[in-house]
Each structure stands twice: as structure tokens, then as C-alpha cells.
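K.L.:
I would like to see how this sequence folds:
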Amino acid sequence: GSLLLAVHFYSSPRAAPLIPSTALGVLLLILSALLAYAGVRRSLRNASLLVSLCLTLSAFWCGYGVILILAGQGVLAEPGDFRAALVPGLATFTLALLLVAVVGFLCGEPVLASVAAAVSLANAHEVALHFSSSLGPSAVACGHLIVCLVGGYFALGRILYFLTKGKVALPGTDLAEKKAQEQSRGSAGSTNHFAAPGLLLNMLSASVFCCRLLGVTHKLFLGHVAWLWAAGTYQIGICVLSYRAMDVLMATAFGFTSILQFAGGYCLLYPTWQPEEPSFPTPFLVVFAILFAVLALFLSLQSPMDGLYLLVFVTYCVALACSPRGFFACGPQGVAVAIFVASALVTLIHLYNVRARAKIPTGKHAMKALLARSSLLKLREGPDLHAPYLGYSKYADAEVLAYACSVLASFALTTTGEPQAPLATVVIPWVVVAGGILKLLGGSVAFARGKTLESSAFILYAVMWIIWGLTRYGGLYGTTRSFHAAAGIVAFMLFNSFIVFCSLFLNMAWFFYSLTFMLIAVSFLLDAIHALPAGYDIAATLIFGLVSFYCFLAALSSSTFESCCLPMGGPMVQLSGAGAGTTNCLHLPARKASSVKRIADILRNGGTCGIPTDTVYVLVAACNRPDAVEKAHRSKRQAQDRPMSLWISSLKQLEPAKHLFTPLLWDFMEAAWPSPISLVIPRGEWVDFLGMKDSAKYVGTPQSVAIRIPDCSVTTHLIDLVGPIVVTSANPTGEADTTHHNQVYAKLGDKVDAVLCGGPSPENIASTVVDCTKIDSGNIGFFRVGIIPKSQV
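P.N.:
The predicted model follows:
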């Protein structure tokens, strides 16, 4: 990327540059996508300044590339337009990359810091070039050439490292040493290392309005939309990545700020086809300020510094609400200067704390110590903080953002607007971005967490907001009304009636949330058939907005505090069996020896239990309790081609019957176990030694039995206490394997007496089943190839 820019600036004094602006812009867009991918892939392993550098440079080249394309296509035709479009972004990224460079030098990453410093220097020279003709473009090209030289040095170091197999490593290019240093630092604990790039993007959007207020640019126009929408797009991406980092509150904050950036871009885009400036809906911005204030309050409990930072955005929303001209007024632009300064300071602290051993205090520990004294407010902590009920997920819960978006979209609909000029009122960004795109994001994250009903509702509502928002407020059908729009809305209402019915089994909050959305859908329907009573749509949106706001508060408090301050309510209709609320089924933690002992007692007394293994969860019964074996068989409705198997903890348990096994089979069992390999061996008198009596017919087939020693210390300890056990998968026949302790009871209900809770399964694949019935003739077969491949067997 820097090489392209170096060539561009060296050749710019010529009449025809070597690389046309449009071509350079397209190439920078491609490179920005690759850089973003590199940063995200790096971040999934551990925290690093490289993440911030990659995502910051990627956002810079994305906005820069779009402006070059606009210039190449003659859109920025007026004198000074190209300079006015570029300067806000160049100034921001000069400072942003300088911050990365300073932290890089302080934390001992000279190569990365040199790259950041060189690009920052090139940007500073380019800003000077636009304001002074005495400075030639060669100075900018020299900055980019330094980046090329540093990159070449690093590439040479890596090539030498690979060719010499690690014997030769140039200083700063030994990644193995750097990885060891990162692991020794513990990769900054639970810090969200995407926060810094997200805060830098807030600087970018604020700088567009700062430059106008300070007179650096002569107007706000189409050229600035590239920076604002690039910042908004990248912040939505950082919002998703923050959910990956299990930081619900900062992810929600980035979702909120991305809405503001898309709205700002829309306002700057509107005057390109209409001469006047768009008007702002005041009630909406007041609601947005309240949401920001509530989020700031909860965030200050986690990190006071970040909470205070969000208060600047509360001021920003209030300033926008007080100014009829919105983003074009001096008041909001003055607050934008405060956002720029605050973002720069908070970014520096986040960048430094990601890598440094000695952290800059953010007030987190002081707040934790203060709340520790309180008996009422106790923060939720621990490794299972973001674990969903059924299984596990790579994402934290996004319901807070989805509910907030419902509030924003509903209050945006209270704006009546001008039927003849629907786009003149800024409603589209709130309805489409907040109600649509971000709610789709919330639905996708809910789906990734196994929340089928919630994800279906969020995605359905998001589609509704996008379609209806564009139709009604985009002027797609103008003043005409038709049966076709009404038919589509009726279809949505039918879908939503199913969600309302299902929410009866979930909780009261969800029932009222989905029911009040039906009022919104009725409002859309009445408007489509031209029969909307005066004030009905405002009443419906207010009711839905207030219910959504309660859900937003309840979700925030339940994700922050151990004792939920605002209840969501229980299910209005109880299901029988699994999910029926209270249960007699014990759920005991597998990490405690006393839990294993208690499970052993239940098995000895004829119970059936779900336990973790070296693969997936299984349902077990003691061999010496025929009644339990029969119960396990009945509870599974076992298919004839899926017989139950035997597990032992040591071959010593079969020693009394060793003479009944061939030497080759015995040796193979010794070599294969313990492991996730089940051996199907000929049935014989040895089965009678296990004391199953009449229930032996439920284990294996008349000709053979599957047997194994699991490679799991908890399971083998349990078998040591109980003796050999009968095993079957902990799910109804034909369903997917059970990979989390909460799924055992959800799938089998009261048919299981206790569950040993070991969290998510180490593997999602079952064991390999080997046919050893003809092993003495030199043949083995495979009934199922699972986690262990054929070659290893």
C-alpha cells in the first residue's frame, strides 16, 4: 500500500500520474480489506498493538480510497473540494498513528512503531502539502518509502529465519520470542483490545465536524461522507469483535456511536440532491441521550474512565436535539471537539494498557473494591459470566443492543415527516441502521448463542424495520397506498403471532415485547390501507418503545449484577417435562470429588446419570444394577442398530475373565486404551462376570459387545467407585450428540436422575468404533470413524 502511494506522490507533479486516482482508490480499498482481515485474524489469538495498527490503517485507506475514486470520477470538481475532503481524515490518522507509534516504542515493538511513525509522518506532510505549495510531494513519498523499507527488512528477517530453521533472526523479527513474551504477560487478562481502534474511529467522525468549526474546511459536503461511513462500517465490525472479546457494554457503545456516524453521513449526503439541510426529530435524540446516559452509568461500574467518556456523547445528543440544523450547527460541532480530545486521551490509555506491564489506572479496581462492600450490588464475574444456558458460544449476549435499537427505531417513528419530501427528516438512519442492521447483528449473535426464538424475533423485526423504513420514509411509494404493501404486512403479522405464542413459554417480558410489536405492525397495516386513525401510530410506538426500554434495562442489569434488579418474569405457560422450571434432577460440578462420590452413590442405588467424557456427554447406569440398565434403555427409546456399550476404568476389572480373551485381542486392548476408541468384541461368558443378569440383553447384540476405557480422569474415577458401567449417548435416538451439561436435562428430562456438570465437551465428535470380532484372522473393520482416524487405529 505504501509503495503505491509513494509512486503516486513521486509522479504527481507530472501532467498524468503513473497511477490514475480511480485505480489507486480501488487498489487501496482492496488492501484495506486485506489489512482488516490480517488484524482480525491476529486478534483471535492474543492481544497485540498489531491489531490496532492493522484496523486503523485499514479504516484510513478505506476512506482515502473512496475519496480518490470520487476525485477520479469528477465528483469533487470544485476548487478546494479534494483538499477539504481529505484533510479531516489525514489529520486524525496522523495523530492516531502517532499514538500507536509512541506506545509501540514504549512497549518494545520497534518494527511496528516505525511503520506507524512513518505513515503518521507521511500524513502530516500531506496535510502541509495541501496548505503550502512550497512543500513538494516528494516529502510524502519519502514517508511511505520508509514503510516499504521497514516492511522489506521484516520480510527479509522472516525469510532468513525460515531458510536457516531459526538459527538466524534479525532483531525484531523473531516471532517465537515475541509470542513467548505475550504469553508471559497473559495477554492483558480480559481486556477488550478492539476498544482502541473503535475509539480512534470516534476521533475520525468528530474531526470532520471539528475541522468545519475551526475553519480548516470551508463546508460540510459529500466528500466527508466517505470518512463518516467508513468509521460507521468499521465500528459495526468492531462491535461484533467486542462481542467476541466478551465485552457487552463497549460493544453496545460502539453500536450506538456507529448509528451517529451513519446519521451524520446521511445529513451530509442529503444536500447533494436537495438545496436545504435535513431536519432532526427532537424526541428521538432525547431518547438516544437517555440510552447513552444509562449505558454510561453501567459502564462506569466496570470502568469509570470509559463511563465518563460516554457522558460526552450524552452531551452530543442533547446538543443535536437543541439545534434545528443538527450536525451543521456550531453547538454540536463544539461538542465534537470535546469528543475528539477525549477519544484521543482514552485511546492512548487503552493502547498502553494492552501491552504494558504497569497499567495506567482507569478506576476499575477502586470501583470493584467499593462495590465489594455493598451487599445489594454484586458484580457478575467468573469464567461462566457469558456462558449461554445450552452449550457455549464464542460471543457475549447482544440482547442489550437489540432492545436499545428497538427503543431507537420506535421513537424515530413518532416523527410524522413531510409526505411530499419524506427524506427531508432524518429518520432513515435511525430506522434502517438502528432498527434494521444492528438488530440483525443482535439476532445473529443470539443465534450463535443457541437462542432460537429470540434470534428469529430479532431477525424478523429487523427485516420489518428495514423494509417499512425504506418504504415509508424513503418515499418509495410516496402518497399512494396499495393492497400489495398490506398483504406483505399481514404476512409479517402472521409470523409475529407465532412468536407471541412461543414467547408464552419463555418469559413475561418477551411476551409483552412481541405483543406490543404487533401494535406497530397494525400501525403499518392501517397506514398501508390509508385507514390510520390520528395519533394511533404515536401511541403504538410509545408503548413498544417503553416496553423495549424496560427490556433494555433488565438485560443490562442481569448482565452486570448477580442478583437481577429488574426481573424478566417467568414463563406464562409451563411446559411439562424438560424446561418445566423446578426439577428434582441434581446438577453437580465435576471439578469436586464430593460430586463424583455423590453420583457414584446414585448409580449404586439404581439411578441413571449424565456425565462428561473425553468426547461428548453420555447417559450411564451401573452394570451391577439390572433395574438401572433397563431404565437407561427405556429412557433412550434405544434403536436396535444403536445398542448400549460397556465402559471400564482398567483392564484389571476384566482380569477374572482374561482366559476368555485371545492373547492378540488382550494385547490390542492394552495398546488402544485409555482413548476414545470403542472395540466391538465377541460376546462370551466374560459378560456374566459383570453382574447384569437379565438386563444383559440390552447391552450390545447377541453376537458382540462394544467396550472401552475412556481417556477422562473424572469418568475413570467414577467407574473406580461404581465398577463397570453401561453407556449410551445422552440424547434421544437420532438427535445430535450432547455437548454441554445443560443439554442433558433439556433433552432427556426427568428420565435422568443427576447430571455431572463439566461445562462444554472437549470434543464435538463421538468415539471411533472398531470391529474386532475377526481380529484373530488378521481383520478389523470400522462401524464409525470418530475423533480417532483409521490410520491411528
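K.L.:
need the strands for this protein, in chain order.
P.N.:
For the chain, the strands defined by DSSP state E occupy 586-589, 609-611, 618-622, 645-647, 677-682, 704-708, 725-729, 754-757, 768-771, 781-784.
K.L.:
the first one - contacts with which helices or strands?
P.N.:
Contact here means 3 or more CB pairs under 8 Å, 6 or more residues apart in numbering; DSSP states H and E; on that basis strand 586-589 packs against helix 593-604, strand 754-757. Glycine gets a C-beta too; all of them are placed from N, C-alpha and C.
K.L.:
so which of those is the most packed in?
P.N.:
strand 754-757 (a mean of 24; mean count of other CB atoms under 10 Å).
K.L.:
partner strands of that one, with direction?
P.N.:
Next to strand 754-757 in the sheet, as set by DSSP bridges, lie strand 586-589 (parallel), strand 609-611 (parallel).
K.L.:
quick one: buried residues of the longest one?
P.N.:
In other words, strand 586-589. By 16 or more other CB atoms under 10 Å, the buried positions in strand 586-589 come out as L586, L588.
K.L.:
what residues does F131 make contact with?
P.N.:
If a contact means CB atoms under 8 Å, 6 or more residues apart in numbering, then F131 has R83 as its contacts.
K.L.:
any chance of CSV for the strands paired with strand 754-757, columns mean pLDDT and distance to L145?
P.N.:
Formatted as CSV, the strands paired with strand 754-757 follow (pLDDT from 0 to 100; distance: least, CB to CB, whole Å):
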stretch, mean pLDDT, distance to L145
strand 586-589, 84, 60
strand 609-611, 92, 63
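K.L.:
thought P676 was touching D711?
P.N.:
Yes: taking contacts as CB atoms under 8 Å, P676 lies within contact range of D711: 6.3 Å.
K.L.:
so between the two, which is more surrounded?
P.N.:
A direct count of neighbours by other CB atoms under 10 Å for P676 and D711 places P676 higher, at 22 against 17.
K.L.:
do you know the pLDDT at the closest residue to the more buried one other than its chain neighbours?
P.N.:
Distances taken as CB to CB, 6 or more residues apart in numbering place S767 nearest to P676, at 4.0 Å, with adjacent residues excluded. Predicted confidence (pLDDT) for S767: 86.
K.L.:
got it, and V629?
P.N.:
On the pLDDT scale, V629 gets 86.
K.L.:
do the same with I159
P.N.:
92.
K.L.:
burial count for it?
P.N.:
Residues lying near I159 (other CB under 10 Å) number 13.
K.L.:
now the one 5 residues further on
P.N.:
A count of neighbours around T164, defined by other CB under 10 Å, yields 10.
K.L.:
how near is it to R158?
P.N.:
11 Å (CB to CB, to the nearest Å).
K.L.:
domain parsing for this protein?
P.N.:
The chain breaks down into these domains under the TED database: 1-177+193-374, 586-784.
K.L.:
now the first one, how far from the centre of its chain.
P.N.:
It stands for domain 1-177+193-374. For domain 1-177+193-374, the separation from the chain centroid amounts to 21 Å (computed by CA atoms, centre = their mean, to the nearest Å).
K.L.:
do the last one as well
P.N.:
The chain centre lies 37 Å from the centre of domain 586-784; the measure is CA atoms, centre = their mean.
K.L.:
which ones are touching the closest residue in space to V75 that isn't next to it in sequence?
P.N.:
Nearest non-adjacent residue to V75, counting by CB to CB, 6+ apart: L222, 6.7 Å away. For L222, the contact set (CB under 8 Å, 6+ apart) comprises L70, V75, L76, L268, L269, T272.
K.L.:
what about the second one, neighbour count?
P.N.:
Using other CB under 10 Å, V75 has 14 other residues around it.
K.L.:
which neighbours do P676 and D711 share?
P.N.:
In contact with both P676 and D711: D614, using CB under 8 Å, 6+ apart.
K.L.:
and L377, what's its pLDDT?
P.N.:
Note for L377: predicted pLDDT of 73.
K.L.:
likewise for S258?
P.N.:
95.
K.L.:
quick one: residues contacting the spatially closest residue to it that is not a sequence neighbour.
P.N.:
The shortest distance from S258 to any non-neighbouring residue, by CB to CB, 6+ apart, is to Q235 (3.9 Å). Contact analysis of Q235 by CB under 8 Å, 6+ apart lists G198, L201, F254, G255, T257, S258, Q261.
K.L.:
how about TSV for these, with distance to S557 added?
P.N.:
Below are the contacts of Q235 laid out as TSV (distance: CB to CB, whole Å):
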residue	distance to S557
G198	24
L201	28
F254	21
G255	19
T257	22
S258	24
Q261	28
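K.L.:
turn those residues into a markdown table, including neighbour count and distance to H144.
P.N.:
Shown next, in a markdown table, are those (neighbours: other CB atoms under 10 Å; distance: CB to CB, whole Å):
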| residue | neighbour count | distance to H144 |
| --- | --- | --- |
| G198 | 28 | 26 |
| L201 | 30 | 23 |
| F254 | 29 | 30 |
| G255 | 29 | 34 |
| T257 | 26 | 30 |
| S258 | 28 | 30 |
| Q261 | 27 | 28 |
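K.L.:
quick check: of the residues you listed, which lies closest to S729?
P.N.:
Of all these, S729 sits closest to G255, with 40.1 Å by CB to CB.
K.L.:
distance of that closest one from L24?
P.N.:
For G255 relative to L24 (CB to CB), the value is 33 Å.
K.L.:
look up the pLDDT of the nearest residue to P533 once chain neighbours are set aside for me, please.
P.N.:
Excluding its sequence neighbours, the residue lying closest to P533 (CB to CB, 6+ apart) is L526, at 7.3 Å. Per-residue pLDDT puts L526 at 86.
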